[in-house]
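# any chance you could fold what I've pasted below:
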Amino acid sequence: MIEPMRGSGERAFIACTVDLLEAGVDIERLNAVVFFRYLQSPIKFYQMVGRGTRIHEETSKYKFWLYDYTDVTQLFGTDFITKPPRPGSGGKGGGDNEGGGGGGEGPAVAEIGGQSVLINAQGRFILSRRDGRDTPIPVDEYRREVVQRALAEAHNLDEFRALWIETQKRRSFINHLLGDNFSPEVIREIDQMTDFDLYDFFGHHGYHARALKRTERGGLFIRQNQGWFDGMDPKSAIVIKGLGHQFAQGGTDALETTAIWEVPEIRQAGGLDALRVLGKPVGVIHEAKLRLFGI
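Predicted structure coming up:
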């Protein structure tokens with residue numbers, strides 16, 4: 001729904017979403033951000049607020065409204081960036097105090113996705129629940145454990161792809177990770193891979209595959225399967241190409257929501273009815289996913 005929202009100058013347009021407008025979406029006309037979600041993460045809060053800060057000269061949009069139903073505006077002014085070390089601190093010498101200089105303010109803490117990331121002189125740590133209490137785990141160890149869970153489920157990339165395209169298996173895999181207090185979203189943020197789908201995060205770290213950004217994978221899916229599209233009903237092709245466009249914007253989750261059938265280009269082409277021309281929609285979508293994640 002991003003494109004219609006971006007172009008909705010003539011009528012009111014309301015989008016209800018959890019994470020879609022968190023980052024990376026620029027809709028200059030957007031003039032109200034409404035929070036119904038409870039947040040502890042200053043990073044996520046500022047990313048979401050940032051959706052309203054875009055200027056739109058053509059309509060003289062120089063301000064926006066923020067409605068807060070969950071008291072998240074208390075996060076305004078919250079530090080989430082580690083302060084740079086003072087000159088002379090943390091270098092050679094430094095005395096008995098870690099980091100040197102004495103009188104330090106302690107490690108900076110950033111909340112990401114409900115879990116804490118600590119940054120101090122010894123390195124970066126993620127707080128995770130162990131035996132009923134928060135335990136700092138080094139980032140490298142945390143990442144290794146998350147990836148090992150994937151390797152235990154699928155021994156190679158082909159097996160992982162087969163797991164990933166099955167909605168229930170994929171969700172069960174992610175839920176088991178979260179149930180054991182491991183969040184792939186947290187480590188993806190730390191690794192600065194938020195432009196990549198989790199499939200590519202696991203493919204890169206677990207199976208040494210080249211990681212493609214969502215936009216890259218979605219675009220290649222459309223370009224590399226042109227012969228497939230040419231051999232099918234034009235409306236069916238529009239719907240399947242629409243799946244590629246939606247993946248480019250929202251990743252795997254965007255393919256597994258009923259809202260996808262309300263996307264204008266997909267709805268106008270016939271949606272599920274257009275896929276039935278090719279066979280059972282479940283089978284057609286399965287084939288599309290195989291091609292999408294097989295790139």
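# three-state assignment of the spatially most central residue of the chain?
Centroid check for the chain by CA atoms, centre = their mean gives Thr194 as the closest residue, at 5.3 Å. Remark: Thr194 carries the secondary structure label coil [criterion: DSSP: H, G, I helix; E, B strand; the rest coil].
# quick one, phi psi at it?
Taking degrees, to the nearest 10, you get phi -70, psi -20 for the backbone angles of Thr194.
# quick check: Gly279 is in a strand.
No - according to three-state DSSP, the state of Gly279 is coil, so it is not within a strand.
# ok, it - how many residues close by?
When neighbours are counted by other CB atoms under 10 Å, Gly279 registers 11. For the C-beta atoms, the positions are set from N, CA and C on the backbone; glycine is no exception.
# how much space between the residue nearest to the centre of the chain and Asn225?
When distance is defined by CB to CB, to the nearest Å, Thr194 is 26 Å away from Asn225.
# do you have the helices of the stretch 101-250 of the chain handy? List them.
139-153, 157-164, 167-179, 184-190, 198-207, 214-224, 226-230, 234-250 (DSSP state H, counting those that start in this stretch).
# in a markdown table, list those helices along with distance to Gln40, mean neighbour count and mean pLDDT.
What follows is the helices of the stretch 101-250 of the chain, written out as a markdown table (distance: least, CB to CB, whole Å; neighbours: other CB atoms under 10 Å; pLDDT from 0 to 100):
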| stretch | distance to Gln40 | mean neighbour count | mean pLDDT |
| --- | --- | --- | --- |
| helix 139-153 | 19 | 16 | 93 |
| helix 157-164 | 29 | 17 | 96 |
| helix 167-179 | 16 | 14 | 91 |
| helix 184-190 | 13 | 21 | 88 |
| helix 198-207 | 22 | 21 | 96 |
| helix 214-224 | 26 | 18 | 96 |
| helix 226-230 | 45 | 11 | 96 |
| helix 234-250 | 24 | 21 | 95 |
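# closest one to Thr59 among the ones you listed?
Between Thr59 and these, the shortest gap by CB to CB is with helix 234-250, which sits at 23.7 Å.
# continuing past the closest one, what's the next helix or strand?
helix 252-255 (DSSP states H and E).
# after that following helix, which helix or strand is next?
Sequence-wise, the next helix or strand downstream of helix 252-255 (DSSP H and E) is helix 264-268.
# mean confidence score for the helix or strand that comes right after that following helix?
If you walk from helix 264-268 toward the C-terminus, the next helix or strand you reach (DSSP H and E) is helix 272-276. Rounded to a whole number, the mean pLDDT of helix 272-276 is 96.
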